[in-house]
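> For reference, the sequence and a predicted model appear below.
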Amino acid sequence: MNSWLSSQRNVRLLILVTNLVYITSILLKMCLSNQAYFGENAFQLTNLFFYAWVVLSWLLIKDTRLYFLSSFLLILDLPANLKQKIQALLTGYLHISNPWLIHFCLLALLALFVFIIYRYKVMRYCQVFLLFFYLVSLFTIAFQTKRTYAAALHLSAPVSTVSKNYYFLLFDEYPNEQLLRQHKLCGPADYPGSFLPKEGFTGDQNSHTNYISTVRSTINFLTGSLQAGYNVDDAIDALDSNVFSHNSHYSFTAFSILDHHNRLNSLFAKYYFYNFNNLLTQKAIPWCISRFSKRGAGDYTDCDAYNTDAFAKLEDVAKSGKPHVAYIHFFTPHTYPLVRGLPISVRIQNANQWMLKCISAINRNDPGAGVIIFSDHGLREQNIPFKLWNRNLLYYRNVSIDTALVNRLGLVALSKSIKY
C-alpha cells in the first residue's frame, strides 16, 4: 500500500475518487429525500459550476499537495461541518455567540491543518482516511435516508365566485404590532397602525398563525386546511391547487419564493432541499454569479430584486381589468442574507415601503378591490419569547372578515372567514 501511495499520480487519482464518492453520496441523498425535484436541484446553475470545478481542478492543478488542499477546503464538506460543530460548542456549552470568534477558531484549525500537510508527509494517509470516511457516508445515506413524498392536498371551502378582485399581500416574518410596541422594535411612525388606517385599512391585533414556518403557513393558508402531512412539495403544489384555483369565474395569480420561477437557483432552494454544503457551493460560486445577476444564487440572492419582481407582478394583475385573486409573497422584513446585520427597525421600514407602493398601485388601477396585508408568522428572534413567534400581522380594506374565527382558529381560517 505504501509503495502504491508513493506515486503522486496514484494519490491524485485517490483525491479525484474521493471527490466523486462525496458527490455521489450527496446526489443520492438529494434523490432519496426529494425525488420529485431531484433534477432541478442537482443541475441548478451553482451545482453545474461546481461539477465543472471538480473536473478542471483535477486537470489544471498539477501540484499534488495544492490539489489535495483544494479538494479538502473547497470541494468536500468537512470544513463546513467543522464550523457547525465549533458554533454548537461555543453557543451551546460556552454561551458565546460571537460570529467573529467562530470564524477565527475555524481559520486557526484550518491553518494548522495546512501547516501539517506542508510540514509533514501525512497527506497520502489523510487522503486514505477521507476516502474511507466518505465511503462510509455513502453507505449510511443509502440505507438510512428516509424517502419523502408529497401528500394529497385537502381543500376546505373552495372559493367559487368573487364579487370583486382580491389581493393577499404576504410580508414574510412581519411581527404583530403589539410586539413592535412592547419590544420597541421600531419607531412609532413605522407601526402599521400609524399609516395603514389613513389608507382605509382596519387592523386586527389578535391574529396568529398555526405554524412558525413559511412552508407550513403557505400550505394551510392556501388550502384553508391543516394538512395531515408536511412537505415542501405540498407548499409548491398549493400554489397551483388551492381554494382560489380551478374555477371558471376568476383567475388566480401567485408570486412566491416557492413558485416555479423564483425557486430555481435561489437561496430558498437550499433552505428546503438537501444539497451540497461546501465553500464553493455555499459562498464562492454564488458570489461570482451575483457579480453578473442581481437575482444571483445561493447566499447572495438579492431579495430587493425579488421584491421588485413581486411588485411588478402585482401591478400587471391590477392593470389587467379581469376578475382575479392575487397572492403576492414579499420576502421582507425577513432576515435574509443580503441585510444580515441590519436592525429589525430598518427591515420594518423596508417592508413598509413595499406595502405603500402596493397600496399606491392598487389605488391607481383597482381602487375597489379587497386588500389583505398579512404575514406567515411573527418575528423569530432570540429576544422574542418563543410562544409569541406566531403572532402575525393582519390588516384589511374593502373586505368583510370574521376576525373572531381567525383569532380562534389561526391563519388557516383566513380564506374561509371572508365574505367574497
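All right, it came through fine. Numbers count the residues shown, from 1 in each chain.
> if I pick Tyr250, what's in contact with it?
For Tyr250, the contact set (CB atoms under 8 Å, 6 or more residues apart in numbering) comprises Thr161, Val162, Asn165, Lys322, Pro323, His324, Val325. Quick note: C-beta positions are derived from backbone N, CA and C, even for glycine.
> From the residues you listed, which land in helices?
Among these, none falls in helices (DSSP state H).
> Can I have the buried ones of those residues as a PyMOL selection?
In PyMOL, a selection of the buried entries from the contacts of Tyr250 looks like this (16 or more other CB atoms under 10 Å):
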select buried, resi 162+165+324+325
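> Nearest to Leu13 among the contacts of Tyr250?
Out of the contacts of Tyr250, the one with the shortest distance to Leu13 is Val325. That distance is 59.0 Å, counting by CB to CB.
> Which strand residues bridge that closest one?
Partner residues in beta bridges with Val325: Tyr166, Phe252, with DSSP bridges as the criterion.
> Tell me the spacing between it and Val243.
Shown here: Val325 relative to Val243, a distance of 9 Å by CB to CB, to the nearest Å.
> which residues do those two both contact?
A shared contact of Val325 and Val243, defined by CB under 8 Å, 6+ apart, is any residue touching both; here these are Val159.
> Just put the contacts of Tyr250 in CSV and tack on distance to Leu138 and pLDDT.
Supplementary listing: these in CSV, determined by distance: CB to CB, whole Å; pLDDT from 0 to 100:
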residue, distance to Leu138, pLDDT
Thr161, 55, 91
Val162, 53, 93
Asn165, 53, 96
Lys322, 53, 88
Pro323, 54, 93
His324, 49, 95
Val325, 47, 96
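> Identify the farthest-apart pair in the contacts of Tyr250.
Longest distance between any two of those is 14.1 Å, between Thr161 and Lys322; criterion CB to CB.
> Settle this for me: Val406 is touching Ser417, isn't it.
Yes: because the distance of 5.2 Å satisfies CB atoms under 8 Å, Val406 is recorded as touching Ser417.
> So for the two, which sits in the more crowded spot?
Under the criterion of other CB atoms under 10 Å, the comparison of Val406 against Ser417 puts Val406 first, with 23 against 20.
> which residues does the more buried one contact?
Here Val406 is in contact with Asp204, Ser207, Leu394, Ala413, Leu414, Ser417 (criterion: CB under 8 Å, 6+ apart).
> Spell out which residues sit in contact with the last one, please.
If I follow you right, that is Ser417. Ile401, Asp402, Thr403, Leu405, Val406.
> helix or strand for the fourth one, which one?
By that I understand Leu405. Mapping Leu405 onto the secondary structure by DSSP states H and E places it in helix 403-409.
> Output that helix as PDB, nothing but the C-alphas.
Extracted in PDB, the C-alpha atoms of helix 403-409 (Å, rounded to 0.1, in the frame of the first residue of the first chain):
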ATOM      1  CA  THR A 403     -61.900  38.100  12.800                       C
ATOM      2  CA  ALA A 404     -63.300  36.100  15.700                       C
ATOM      3  CA  LEU A 405     -63.000  33.000  13.600                       C
ATOM      4  CA  VAL A 406     -59.400  33.900  12.600                       C
ATOM      5  CA  ASN A 407     -58.400  34.700  16.200                       C
ATOM      6  CA  ARG A 408     -59.800  31.400  17.400                       C
ATOM      7  CA  LEU A 409     -58.500  29.100  14.600                       C
END
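> buried stuff in it?
When burial is assessed from 16+ other CB under 10 Å, helix 403-409 yields the following buried residues: Thr403, Val406, Asn407, Leu409.
> Kindly report the same for stretch 11-26.
Result for stretch 11-26 [16+ other CB under 10 Å]: buried residues Val11, Arg12, Leu14, Ile15, Leu16, Thr18, Asn19, Val21, Tyr22, Ile23, Ser25, Ile26.
> What of stretch 166-178?
Counting neighbours by 16+ other CB under 10 Å, one finds that the buried residues in stretch 166-178 are Tyr166, Tyr167, Phe168, Leu169, Leu170, Phe171, Asp172, Glu173, Tyr174, Pro175, Asn176, Glu177.
> next SSE after the least confident helix or strand in the chain by mean pLDDT?
The weakest-scoring helix or strand in the chain, judged by mean pLDDT, DSSP states H and E, is helix 2-5 (a mean of 62). Following helix 2-5 in sequence order, the next helix or strand is helix 8-33 (DSSP H and E).
> The helix or strand just after that following helix packs against which elements?
Sequence-wise, the next helix or strand beyond helix 8-33 is helix 38-42, with elements assigned using DSSP H and E. If you count contacts as 3 or more CB pairs under 8 Å, 6 or more residues apart in numbering; DSSP states H and E, helix 38-42 packs onto helix 8-33.
> let's go with 10 Å and repeat that
Of the remaining helices and strands, those touching helix 38-42 by 3 or more CB pairs under 10 Å, 6 or more residues apart in numbering; DSSP states H and E are helix 8-33, helix 45-60, helix 267-272.
> Quick check, central residue of this structure?
In the chain, the C-alpha closest to the average C-alpha coordinate belongs to Phe268, at a distance of 3.1 Å (CA atoms, centre = their mean).
> what sits against it?
Counting by CB atoms under 10 Å, 6 or more residues apart in numbering, Phe268 touches Thr214, Val215, Val232, Ser256, Ile257, Leu258, Asn262, Thr301, Cys303, Tyr306, Phe331, Tyr336.
> quick revisit: columns distance to Ala157 and pLDDT on top of the buried residues of stretch 11-26, output as JSON lines?
Compiled in JSON lines, the buried residues of stretch 11-26 are given as follows (distance: CB to CB, whole Å; pLDDT from 0 to 100):
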{"residue": "Val11", "distance to Ala157": "65", "pLDDT": "85"}
{"residue": "Arg12", "distance to Ala157": "64", "pLDDT": "90"}
{"residue": "Leu14", "distance to Ala157": "61", "pLDDT": "92"}
{"residue": "Ile15", "distance to Ala157": "59", "pLDDT": "93"}
{"residue": "Leu16", "distance to Ala157": "58", "pLDDT": "95"}
{"residue": "Thr18", "distance to Ala157": "55", "pLDDT": "95"}
{"residue": "Asn19", "distance to Ala157": "53", "pLDDT": "96"}
{"residue": "Val21", "distance to Ala157": "51", "pLDDT": "96"}
{"residue": "Tyr22", "distance to Ala157": "49", "pLDDT": "97"}
{"residue": "Ile23", "distance to Ala157": "47", "pLDDT": "97"}
{"residue": "Ser25", "distance to Ala157": "45", "pLDDT": "96"}
{"residue": "Ile26", "distance to Ala157": "42", "pLDDT": "96"}
